[in-house]
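S.K.: got a sequence here, can you build the structure:
(chains A and B)
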Amino acid sequence: MLAYRKIDFDALAAGARPFYTPNVFIRIGLFIFGYICALAVAGLIFLVMDSWHSQKGSGAILMVYGAGLFAAVEGLIRRRKPFFRAGLEEVLLYGGLSAILSGLFQWVHLRHGIHYPMALFMGCLFAVASLRYADSLLAAASLGMGFYALFDAGAGMGPRAGYLLPLLVVALSCLIVLAAARALATPSLRYWTHVWTALRFLTLMTCYAGGNYFAVREGGRALFGGAFDVTGGVPYAPLFYGFTFAIPILYVAVGLARKDRLCLRAGLLCVALAVLTYKKYHSVMPIETGLTLLGLALIAIAWAALRLFRTERFGITAGPQTDMSGAGLMDAESLALLQSLASRQAAPPQAPGGLEGGGGSFGGGGAGGKF
Amino acid sequence: MKAGASADSTASTEASAATAPFSIYWEIRTLLYLGIVAVSTGLGILIYKNIDTLGHQTILAVIGLGSAGCLGYCARRAAPFTAGKGGEESSWADYMLLLGVLLFGVFTGYLQFKYSVFGTHYGLALAIPASFYLFLAYRFDHRGVLQLAISGFCGSVGVATTPLAAFHENMFNRHAPILSALAVGAALALAGILSGRLDFKRHFSFAYLNFALHLCMIAAYTGLVLGGAWEKWLWFFLLAAMAAGLWRHAKRARSPYFLLCSVLYGYLAVTYVILHLVFRHASTASMYAALAYFILSCGGTIHLFLNLKNLLGTEDAGLPEN
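M.R.: The predicted structure follows:
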């Protein structure tokens, strides 16, 4: 399944540098120039094959080209120092997927856009690619296609589905949150730690969106049009409002109580969304007064938190983290998780003694400071 | 339900973090920063909407007192001035300084809008607060305020020179905005280089150079695109020289950010000139030539990025955060 060698991830956890993972700016540069290069190659191919005008012919060319890009990705991963989050292999991977899919669309006639069978197929394709190349962006795309398929299927069932869909979204999100949490705690799945982390954060957010008053009301209107009548407000509005405000508080509380940063951050984001939702339907005060008071409240909360946690209390501190910097914290924490899982594994991985042992140099802000 | 959801995953996080306490440093600072932005924006709109009503004097007084209070707090709390990096970064006082500065901006903006304190010298209306910000940035060692000061100066020069270009149609004045941007950029670059060389607020160097680089490059690129036949070459060589200089600096400072900027701006300039030449007589052949150029040049640039270590002669150099 995984295109990378698992032993390399264990070496990474042990402090070695088995992968070619450049600094984030070099990664951006590689991504940009790889993108232009891939586009130009595609352009040249189409220019040379000028005579092949049929739709199916160009679809075939696109699919062959996509396969070629995949071959290039596999080549980059099989180098002595495999490319991992290096920009180049990522852009070729995304390019390969889009070439193959757009080639496929030339063969399969899509009337009225993409519907749920195709969306489900694309979601599965993205999921497989995400697992094979340990890529969290593709996991997010797969999740997005899954929910798109759900909405598309729901839109065909009439406005009554407007009340079923929120329930489905919440239930499905909860399932994925649970599954991702389980996967994060399973040592044999540690190679995809960043994928599970991304999925867990996203589904915490979709779980909230599923029951959020604004999402239910406007989503229902967008899906079912006039048939979803909300002129007098959404039925069961108190229920949805309760959800809108309870979940953010719950996330923050759980995040703090369990020292779960992902949950805490999702909660803070949801608090902001809850305030915006309420503001959208109730004009309590003009926006500028609201902004000023909100700002003062935020400053007061921050001040109180700074005072309260100046010294460590309940295992929480307001002081800076000793081992990680703020930027790219997710990555650093993924690595920490990988390390703890690797050490929990009964049979420890072969010690990567021969690799340059730069132990302790990790955690310096995500992608790491190196060319 | 949520509580159960996170139960498993956090077990391992807790295991690794058992020794260190859970830090909410960045979360608190994000809230603080959002609060400051919200207050200064809210008050700015509030006073604008209430102009000529009874309450606006009160609001103005609140803003002025708030600004003075924040700055006074900083003055009382501040450590003595040093040429190096001050003590604790991103402390409570740093955020109060930011709030004070933003409120001061709202205050002077209102004075200019309502009472035209600076008359029609709009450039001056930006430059005077900017000078004050500059002083504050150096006194209280605050990079965010420094960036506000620099953007204020850039804005004041821009406001002061743009009308010139509209009235005078000769070559020099048509380029007045470009030339003034280049001049400001050169001055900022000088400030950045000097703060590094003289070791006077060395950590301010990045902010100066970053502004200078984008200002100069964009100005020169505008000149390249707008200029006539022979002018284009002039601007092209200027761009090439600046990109090369930036490359050298990036190598010395071991900054991948400056390296990327140098490559991107250099590539843009070269690409513009080549496409300009290739498409002078557009045909199918020029399409081939352009695509071949893109493939070869991008391939070359990727090769360059992949071999940076050999080029720079460094092995995993510890890079600064910027």
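
S.K.: every contact and neighbour count from this point should use C-alpha atoms.
M.R.: Will do.

S.K.: tell me which residues in stretch B:97-112 are buried?
M.R.: Buried residues in stretch B:97-112, counted by 16 or more other Cα atoms under 10 Å in any protein chain shown: B:97-110, B:112.

S.K.: so what touches it?
M.R.: B:36-37, B:40, B:43-44, B:47-48, B:60, B:63-64, B:66-71, B:74, B:117-119, B:125, B:129, B:133, B:144-145 (Cα atoms under 8 Å, 6 or more residues apart in numbering or on different chains).

S.K.: do stretch A:104-113 as well
M.R.: Residues from elsewhere that reach stretch A:104-113, judged by Cα under 8 Å, 6+ apart: A:55-56, A:58-59, A:63.

S.K.: go with 6 Å
M.R.: With contact meaning Cα atoms under 6 Å, 6 or more residues apart in numbering or on different chains, stretch A:104-113 is reached by A:55-56, A:59.

S.K.: send me that stretch as PDB with only the CA atoms.
M.R.: Provided in PDB are the C-alpha atoms of stretch A:104-113 (Å, rounded to 0.1, in the frame of the first residue of the first chain):
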ATOM      1  CA  LEU A 104     -11.600   9.800 -18.000                       C
ATOM      2  CA  PHE A 105     -14.200  12.600 -18.300                       C
ATOM      3  CA  GLN A 106     -13.600  12.600 -22.000                       C
ATOM      4  CA  TRP A 107     -14.700   9.000 -22.200                       C
ATOM      5  CA  VAL A 108     -17.500   9.000 -19.600                       C
ATOM      6  CA  HIS A 109     -20.000  11.500 -20.700                       C
ATOM      7  CA  LEU A 110     -20.900  13.600 -17.700                       C
ATOM      8  CA  ARG A 111     -24.300  15.200 -18.100                       C
ATOM      9  CA  HIS A 112     -25.100  18.000 -15.700                       C
ATOM     10  CA  GLY A 113     -21.800  17.800 -13.900                       C
END
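
S.K.: what's the closest of the contacts of stretch A:104-113 to B:L188?
M.R.: Using Cα to Cα, the shortest approach to B:L188 within those belongs to A:G59, at 52.6 Å.

S.K.: the closest one contacts A:G103, correct?
M.R.: Yes. Counting by Cα atoms under 6 Å, A:G59 touches A:G103, with 3.9 Å between them.

S.K.: leaving out the residues flanking it, which one is nearest to A:G43?
M.R.: In this structure, A:G43 finds its nearest non-sequential neighbour in B:L291, 7.1 Å apart by Cα to Cα, 6 or more residues apart in numbering or on different chains.

S.K.: from the contact counts, what lies against the strand or helix carrying that neighbour?
M.R.: Element membership for B:L291 (DSSP states H and E) is helix B:284-306. Identification of packing neighbours for helix B:284-306 by 3 or more Cα pairs under 6 Å, 6 or more residues apart in numbering or on different chains; DSSP states H and E yields helix A:24-48.

S.K.: I'd like the next helix or strand past the helix it packs on.
M.R.: With elements assigned by DSSP H and E, the helix or strand that comes after helix A:24-48 is helix A:55-77.

S.K.: which of the residues in that next one are buried?
M.R.: Residues of helix A:55-77 classed as buried: A:56-67, A:69-70, A:72-74, A:76-77 (neighbour count, 16+ other Cα under 10 Å).

S.K.: okay then, goodbye and thanks.
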